[in-house]
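[1] mind looking at a prediction? Sequence and model below.
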Amino acid sequence: MSSRTMVIGCGLAVVIQAVLPCLIAPVDAGENLDQAARETVEKRAVREFQARRFGMFIHWGPVSLRGTEIGWSRGAQVPIEEYDQLYKRFNPVSFDADAWARLATDTGVKYVVITSKHHDGFCLWDSQYTDYDIMATPFKRDILAELSDACRRHDLNFGVYYSLCDWHHPDYPRDSPGGRGRKPHPDMPRYFEYVKNQTREILQRYGPVGVLWFDGEWEQPWTSQYGNQLYRFLKEIQPDVVINNRVSKGRAGMQGTTRQSELNAGDFDTPEQRIGGFNRDRPWESCITIGRQWSWKPHDELKSLAECIQTLVRTVGGDGNLLLNVGPMPDGRIEPRQADRLREIGDWLKKYGDGVYGTRGGPFKPGGWGASTCRGHNIYLYVINWPDEGPLVLPPVSSNITQAMALGGGGVTVKQDDDAIRVSIPANERDPIATVIRLTLQDSALDIEPMDVPRLPSESLTFGRAVKASNVFLGMNQFAADKAVDDDADTRWATDEGVSKASLEVDLGEPRVVNRVYIDERQWNRVRRFELQVNQNGQWRTVLTGTTIGADYTATFKPVLTRRVRLRVLEATNGPTLYEFQLFGPATR
Ligand code: FHN
């Protein structure tokens, strides 16, 4: 292929909302589907689920009256007796299912998943199998009925979360706090019937349900036998319901991937509070909170718009779905702060969503640079970090690029040859969150083998600098602090098992202006809260705070002159470990 340069003028942002493949018509429960036809229905349902790409998760229940975590605060921050009486005060008079559905549409999600029953056992619908449900509250309205109807009116796919562990139900062996308690007279076989009855009731009353999102499978009383039986039982009732991998026991922790075995039922993997790894061979969906808590938390720390969007594009760039969670307030409203952030996401997607819906991840895999998606002959580049100088360099593709357009406007230059694709756009025409460029090829983009995008030398100001850590895994040099500032994506600083707080302190060698941080925790995702501090006149000052880090975390902050910086992990689920801790100044990146 000869070298070819295309200079594309400032095309207007031609935004075409992807027309989602028509959702499959619900299959009548009584329809006698032969095996081949059933598989077609099931496979098509999973493909439609993947095409939706972006959903809204809703964690709600009487616990919102206390503002503590649903399920987990029962018997912890809230005494069990008090927690189990909250329903008597639960009266969300401002609940308006159409308002929620309108907000979901404004956000750009294509499906909604609500906690019908979380670990605390309370049911948000009028169940004939328990009195511990919404009809026992002063509100006396069926939330699932109203929300499922509203979703249909607003062309949103309706999904239901259901916890298999139930720390309230007398037949389920475990109790609060957190499953560490024990029920006096459990009856697990009878509880399994309860689960089957309730989930059948949900499908038959509020269906067709797009996705059944199980959770709480990790505890010992639930088995892969129960899980696989339940999976088949439900598919008999509604063959096109999509069911996650937490129905059985195959999930590998918070990574959410399924250990390959015929024992592990489930149609998609479920990474949690992290972006899953690139995988086109197995459907997956990352569930991530917009704040820090799943259910309503007053003054919760919300993720920035940049973090939400970059999480979304890196997720779909990995061929996954993103289920972004909100926790409604006790009065039934979604908190205005959260609603505003959701609408900001929707506004961004109105401009750039063409590369999200109905696409597949790749062919350029997510990385520090950004992510890419593809559909038909188009590749959508979501460029988050541009090189300090020169073009973005992507691996070559065999198909000729016939057109390039920045969806936000701007003059795109694309050079394609046998060695690389070089993309550039004037700095002042880039989107600060992600610059979206559509490359149109002569051939199908999905036929291109997915590729990693080589990392450029980062020119990080921490590179090679003196660094000390509060803890190093077994004191081993292989995991020493300097592995976080060696600009090597294959080495990492690690800390001992059980460590929940840790810090890295770097001497930049001389006072430097810094305003941008890049941290790569990759799949470990143990950090729950951190702060970045600079030392000025002997005093440490916080310039950035955050919650989860994950892969390729980047954030900017007000430029500040400093020589010593430190990253403090304030909360971690286990020993923090970071591949890279990089800092940049306004001029350097
Ligand atoms: O314990 C639950 C938690 O409350 C929340 O519902 C998340 C969402 O996926 N799932 C469990 C933790 O893995």
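    Happy to help now that I have it. Numbering: from 1, shown residues only.

[2] gap between stretch 73-82 and the chain center?
    Shown here is stretch 73-82, whose average C-alpha point lies 28 Å from the average C-alpha point of the whole chain (Cα atoms, centre = their mean, to the nearest Å).

[3] residues contacting it, please?
    Applying Cβ atoms under 8 Å, 6 or more residues apart in numbering, the contact partners of stretch 73-82 are 63, 66, 68-69, 83-84, 86, 119-120, 167-168, 175-178, 181. The way it works is simple: take the backbone N, C-alpha and C, and place the C-beta from them, glycine included.

[4] same deal with stretch 383-397?
    Where contact means Cβ under 8 Å, 6+ apart, the residues beyond stretch 383-397 that reach it are 310, 313, 363-364, 368-371, 381, 413, 415-424, 427, 430, 433-437, 441, 448, 451-454, 456, 459, 518, 552, 554, 588-589.

[5] C-alpha coordinates for that stretch, CSV please?
    Below are the C-alpha coordinates for stretch 383-397, written out as CSV (Å, rounded to 0.1, in the frame of the first residue of the first chain):
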residue,chain,number,x,y,z
VAL,A,383,-8.7,9.5,21.7
ILE,A,384,-8.3,10.4,25.4
ASN,A,385,-4.5,11.1,25.5
TRP,A,386,-2.6,12.5,22.6
PRO,A,387,1.1,12.2,22.3
ASP,A,388,3.0,15.3,23.6
GLU,A,389,4.2,15.9,20.1
GLY,A,390,3.4,14.5,16.7
PRO,A,391,0.4,12.3,15.6
LEU,A,392,-1.3,9.5,17.4
VAL,A,393,0.4,6.4,15.9
LEU,A,394,-1.8,3.3,15.5
PRO,A,395,-0.8,-0.1,14.1
PRO,A,396,-1.4,-0.5,10.3
VAL,A,397,-4.5,-2.1,8.9
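
[6] for that stretch, buried residues please.
    Judged by neighbour count using 16 or more other Cβ atoms under 10 Å, the buried positions of stretch 383-397 are 383-386, 391-395, 397.

[7] just send those back as a markdown table, with distance to residue 110 too.
    As requested, these are arranged in a markdown table below (distance: Cβ to Cβ, whole Å):
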| residue | distance to residue 110 |
| --- | --- |
| 383 | 25 |
| 384 | 23 |
| 385 | 28 |
| 386 | 30 |
| 391 | 34 |
| 392 | 30 |
| 393 | 34 |
| 394 | 29 |
| 395 | 31 |
| 397 | 29 |
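
[8] between these, which sits nearest the ligand?
    The ligand has its nearest neighbour among these in residue 384, at 25.6 Å by Cβ to the nearest ligand atom.

[9] excluding chain neighbours, give the residue nearest to that closest one in space.
    The spatial neighbour of residue 384 that comes closest, neighbours along the chain excluded (Cβ to Cβ, 6 or more residues apart in numbering), is residue 370 at 4.0 Å.

[10] now go through the contacts of stretch 73-82 and say which are in helices.
    residue 83 (DSSP state H).

[11] any idea which element whatever residue of the stretch 351-500 of the chain ends up closest to the ligand lies in?
    With Cβ to the nearest ligand atom as the measure, residue 500 is the residue of the stretch 351-500 of the chain nearest to the ligand, at 17.8 Å. For residue 500, there is no enclosing helix or strand under DSSP states H and E.

[12] so it is in contact with residue 527, correct?
    No: counting by Cβ atoms under 8 Å, residue 500 stays clear of residue 527, with 9.9 Å between them.

[13] shared neighbours of the two, which are they?
    With contacts defined as Cβ under 8 Å, 6+ apart, the residues shared by residue 500 and residue 527 are 571-572.

[14] so for those two, which sits in the more crowded spot?
    A side-by-side neighbour count of residue 500 and residue 527, using other Cβ atoms under 10 Å, places residue 527 first with 26 against 16.

[15] on the three-state scheme, the nearest residue to residue 369 once chain neighbours are set aside is what?
    Spatial nearest neighbour of residue 369, chain neighbours left out: residue 453 (5.2 Å); criterion: Cβ to Cβ, 6+ apart. Reducing the assignment at residue 453 to three states with DSSP: H, G, I helix; E, B strand; the rest coil gives coil.

[16] and residue 453, how many neighbours?
    19.

[17] kindly report the same for residue 181.
    Using other Cβ under 10 Å, residue 181 has 14 neighbouring residues.

[18] residue 398 now?
    Using other Cβ under 10 Å, residue 398 has 12 other residues around it.

[19] equivalent analysis for residue 366, please.
    If you count neighbours by other Cβ under 10 Å, residue 366 ends up with 28.

[20] run through the residues that contact it.
    With Cβ under 8 Å, 6+ apart as the criterion, the residues that contact residue 366 are 275, 278, 314, 317-318, 372, 551-552.

[21] domain-wise, how is the protein divided?
    Using automatic domain parsing, the domain ranges for the chain come out as 4-15+361-447, 30-354, 466-584.

[22] please work out which of the ones you listed is packed deepest.
    A comparison of the domains of the chain by mean neighbour count, using mean count of other Cβ atoms under 10 Å, puts domain 30-354 on top with a mean of 20.

[23] hmm, that one touching the ligand?
    Yes: residues of domain 30-354 are located near the ligand by Cβ under 6 Å from any ligand atom, namely 70-71, 215, 272, 287, 294.

[24] return the subset of those residues lying in strands.
    Among the residues of domain 30-354 next to the ligand, the subset assigned to strands under DSSP state E consists of 215, 287.

[25] any idea which of the residues of domain 30-354 next to the ligand is closest to residue 577?
    Here the nearest of the residues of domain 30-354 next to the ligand to residue 577, counting by Cβ to Cβ, is residue 272; it sits at 18.0 Å.

[26] list the contacts for the closest one?
    Shown in contact with residue 272 (Cβ under 8 Å, 6+ apart): 254, 256, 286-288.

[27] please list all residues in contact with the residue lying closest to it once chain neighbours are set aside.
    In this structure, residue 272 finds its nearest non-sequential neighbour in residue 254, 4.7 Å apart by Cβ to Cβ, 6+ apart. By Cβ under 8 Å, 6+ apart, the contact list for residue 254 reads 271-274, 525.

[28] got the phi/psi numbers for the residue nearest to residue 384?
    When quoted as degrees, to the nearest 10, the phi and psi of residue 370 stand at phi 150, psi -140.
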